[in-house]
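Q: here is my input, please return the structure:
(one chain, ligands or ions: 1)
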Amino acid sequence: MSGLSVATRFLTPARFVRAFSTTPLARKSIDATTSPSSRPSVKIVEVGPRDGLQNEKELLSTKIKVLLINRLTDAGLPVVESTSFVSPKWVPQMVDATQVMNLITRKPGVSYPVLTPNLKGLEAAIAAGAEEVAIFGAASESFSMRNINCSIAESLTRFEAVAVAAKAAGLRIRGYVSCVAGCPYEGTIAPQAVADVAKALLDMGCYEISLGDTIGVGRPKEIQSMLDAVARVVPVEQLAIHCHDTYGQALANIYASLEAGVRVVDSSVSGLGGCPYAKGSSGNVATEDVVYMLEGNGFSTGVDLDKLINVGAWITAKLGRENGSRVARAMLAKRRNQ
Ligand SMILES: CC(C)(COP(=O)([O-])OP(=O)([O-])OC[C@H]1O[C@@H](n2cnc3c(N)ncnc32)[C@H](O)[C@@H]1OP(=O)([O-])[O-])[C@@H](O)C(=O)NCCC(=O)NCCSC(=O)C[C@@](C)(O)CC(=O)[O-]
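A: Residues are numbered from 1 along each chain as shown. Sure, this is the predicted structure:
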């Protein structure tokens, strides 16, 4: 602290990000005093049942997965990514994708997207009644090979076929770009490489592109530079940010994304998660922490934090894991002391 100038010491987080921004995206003012009725909303895409569970070694019962999804929607989550129609040889935990989709209670107004890497996955997703699918590419060649066994160019050709068929069946399509701030195999990834894949997904008809810091190495200024490059080719209103918290940068990166105008945030209840094909990709940012930050900074999420904390406490107990949400841990301790 002593090395900082007086002016810097008194910067609020929002002003701090603005003061050090050199990039062209207009930073949006975030005012915590905005009245509740006029609060801008942020859509949270809950990825716990998919990204959160895909790396779990022990197979979780279908019943628990279904209960998890239902309880997350009861807590007010508007989008719950529910499962993946991928090869069970590659991701064994997602073997019951069809049963999960058949057994969940679908709430009106809630979306239940599922991952589909190819036409085989899409056909199974449609048969299971999916109304929204996600295609998932990467900005890194090595990660693409390890994750979906093909180059970026081949993946885009595959996704194009999936997108055409999905649109013909009346499905909405979301796109992912992984490794937007770094790759476990290649290191630094150029923002332009991210922008190129994001644009290709947009052109295929994705209504939203989620930018994944798969191994959580990005820092706010790097995330902003990446967003600047992507926002030149994809409207910022169609971007989502997907942070893993491996290096403890996730909330800062989400805040920087909000300042850049992003209003969709992916997160996972109690910070569950990690990609099996990204060494060092620990948990996603915890939904509880994101909700706490957003609601305290002038945004509305529609999520009931108390209910969400109960869901996180329940699923971590089922998995025998420590709760990865610092907010949940603090609030559960407070409850115990009351
Ligand atoms: C893409 C493939 C299938 C290519 O895998 P492949 O081995 O090249 O595929 P293939 O076409 O040669 O088929 C091999 C076998 O898989 C079967 N198969 C083929 N497709 C399917 C399917 N859809 N559903 C079920 N089975 C399938 C196919 O029928 C065949 O079965 P066999 O004849 O050997 O018995 C494979 O690499 C795969 O499934 N990868 C998925 C990996 C994955 O799910 N990773 C995690 C999600 S990405 C992520 O987490 C990042 C993200 C999105 O969260 C954002 C971020 O954090 O950055």
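Q: the stretch 201-338 of the chain: helices as residue ranges?
A: With DSSP state H, counting those that start in this stretch as the criterion, the stretch 201-338 of the chain has helices at 220-231, 250-259, 287-295, 305-319, 326-337.
Q: out of those, which is closest to Glu56?
A: Closest of the helices of the stretch 201-338 of the chain to Glu56 is helix 305-319, at 6.5 Å (criterion: C-beta to C-beta). C-beta: built from backbone N, CA, C; applies to glycine.
Q: residues of the stretch 51-200 of the chain that sit close to the ligand?
A: By C-beta under 6 Å from any ligand atom, the part of the stretch 51-200 of the chain that sits against the ligand consists of 51, 54, 84-87, 89-91, 115, 117-118, 120-121, 136, 147-149, 176, 178.
Q: if any of the residues you listed are buried, give me the PyMOL selection for them.
A: What follows is the PyMOL syntax for the buried subset of these, where burial is set by 16 or more other C-beta atoms under 10 Å:
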select buried, resi 51+54+84+85+86+87+91+115+117+118+121+136+147+148+176+178
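Q: just the ones of the residues of the stretch 51-200 of the chain next to the ligand in strands?
A: Under the assignment DSSP state E, these contribute Ser84, Leu115, Phe136, Tyr176, Ser178 to strands.
Q: now tabulate those in TSV and tack on pLDDT and distance to Arg321.
A: Listed next are these as TSV, based on pLDDT from 0 to 100; distance: C-beta to C-beta, whole Å:
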residue	pLDDT	distance to Arg321
Ser84	98	20
Leu115	98	22
Phe136	98	24
Tyr176	98	24
Ser178	98	23
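Q: which residues sit in contact with the residue most central in space within the chain?
A: Among the residues of the chain, the one closest to the centroid is Asp266, at 2.6 Å (C-alpha atoms, centre = their mean). By C-beta atoms under 8 Å, 6 or more residues apart in numbering, Asp266 lies in contact with Ile44, Val45, Val47, Asp51, Glu81, Ser210, Gly212, Ala240, Ile241, His242, Cys243, Asn284.
Q: apply 7 Å and report the result again.
A: When contacts are counted by C-beta atoms under 7 Å, 6 or more residues apart in numbering, Asp266 touches Val45, Val47, Ser210, Ala240, Ile241, His242.
Q: close to the ligand: what parts of the stretch 201-338 of the chain are there?
A: Taking C-beta under 6 Å from any ligand atom as the contact definition, the stretch 201-338 of the chain meets the ligand at Gly212, Thr214, His242, Cys275, Tyr277.
Q: now do the spatially closest residue to the residue nearest to the centre of the chain that is not a sequence neighbour: how many residues are near it, please.
A: Nearest residue to Asp266 in three dimensions, chain neighbours excluded: His242, at 3.8 Å (C-beta to C-beta, 6 or more residues apart in numbering). Neighbour count for His242, taken as other C-beta atoms under 10 Å: 26.
Q: same question, Pro88
A: Applying other C-beta under 10 Å, I find that Pro88 has 12 neighbouring residues.
Q: all strands in the stretch 101-250 of the chain, in order from the N-terminus.
A: 114-115, 132-138, 172-178, 208-213, 239-243 (DSSP state E, counting those that start in this stretch).
Q: any chance of those strands in CSV, plus distance to Gln224?
A: Output for those, formatted as CSV (distance: least, C-beta to C-beta, whole Å):
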stretch, distance to Gln224
strand 114-115, 28
strand 132-138, 21
strand 172-178, 16
strand 208-213, 12
strand 239-243, 11
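Q: mind listing what the residue in the stretch 101-250 of the chain that the ligand sits nearest to touches?
A: Distances between the stretch 101-250 of the chain and the ligand by C-beta to the nearest ligand atom are smallest at Gly212, namely 2.5 Å. Residues near Gly212 by C-beta under 7 Å, 6+ apart: Tyr176, Val177, Ser178, Val180, His242.
Q: kindly state the beta-bridge partners for it.
A: Counting by DSSP bridges, Gly212 is bridged to His242.
Q: tell me the confidence at it?
A: Gly212 is assigned a predicted lDDT (pLDDT) of 98.
Q: kindly report the same for Trp90.
A: According to the prediction, Trp90 has pLDDT 96.
Q: pretty sure Leu103 sits against Leu67.
A: No - assessed by C-beta atoms under 7 Å, Leu103 is found out of contact with Leu67, at 9.5 Å.
Q: okay, the two: which has more neighbours?
A: Ranked by neighbour count (other C-beta under 10 Å), Leu103 and Leu67 place Leu67 first, with 18 against 15.
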